[in-house]
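Asks: sequence plus predicted model, see below.
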Amino acid sequence: MDSINGRARIDYTRDTLFGPLAKQAECQVSLQHAPGWLVLKVFQPLPDDLHDAQTVVFALEGRRTSGVVKDRQRLPDHSLRLELERQ
């Protein structure tokens, strides 16, 4: 499994009572990928509502990647682990 670390711009959507809400943030991340899925670990400081994201698009090392959030977990170090299915 390959791993990439760096600063990434993250565009994400959240479902709200009024429909999808698009947001963005720039965060320090670690990305692990294997065929068909990704694990994106987002470090502090991170947006309060990122854990509610439904879809994520991020740019890291000049490459844009998108995925649907299949699982999310807050970790003891206050980072956020997102398991993504590639789109």
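Replies: Received the coordinates, thanks. Numbering: from 1, shown residues only.

Asks: check contacts around residue 63.
Replies: With contacts defined as C-beta atoms under 8 Å, 6 or more residues apart in numbering, residue 63 is in contact with no residue. For the C-beta atoms, the positions are set from N, CA and C on the backbone; glycine is no exception.

Asks: per-residue pLDDT of it, please?
Replies: Listed pLDDT for residue 63 reads 87.

Asks: bridged to it, which residues?
Replies: residue 60 (DSSP bridges).

Asks: and it, how far from residue 13?
Replies: Separation of residue 63 from residue 13 (C-beta to C-beta, to the nearest Å): 20 Å.

Asks: and what of residue 68?
Replies: In terms of C-beta to C-beta, residue 68 sits 10 Å off from residue 13.

Asks: more crowded one of the two?
Replies: Counted by other C-beta atoms under 10 Å, residue 68 and residue 13 do not tie: residue 13 has more neighbours, with 17 against 13.

Asks: can I have the helix or strand hosting the more buried one written out in PDB, keeping just the CAs?
Replies: Per DSSP states H and E, residue 13 falls inside strand 2-16. Extracted as PDB, the C-alpha positions of strand 2-16 are listed here (Å, rounded to 0.1, in the frame of the first residue of the first chain):
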ATOM      1  CA  ASP A   2       1.500   3.400  -1.000                       C
ATOM      2  CA  SER A   3       1.400   6.300   1.300                       C
ATOM      3  CA  ILE A   4       1.600  10.100   0.500                       C
ATOM      4  CA  ASN A   5       1.800  12.900   3.100                       C
ATOM      5  CA  GLY A   6       1.300  16.600   2.500                       C
ATOM      6  CA  ARG A   7      -0.900  19.600   2.500                       C
ATOM      7  CA  ALA A   8      -4.100  19.200   0.500                       C
ATOM      8  CA  ARG A   9      -7.100  21.300  -0.500                       C
ATOM      9  CA  ILE A  10     -10.200  19.400   0.400                       C
ATOM     10  CA  ASP A  11     -13.600  20.100  -1.200                       C
ATOM     11  CA  TYR A  12     -16.400  18.200   0.500                       C
ATOM     12  CA  THR A  13     -20.200  18.100   0.600                       C
ATOM     13  CA  ARG A  14     -22.500  17.500   3.500                       C
ATOM     14  CA  ASP A  15     -26.200  16.700   3.400                       C
ATOM     15  CA  THR A  16     -28.300  19.200   5.200                       C
END
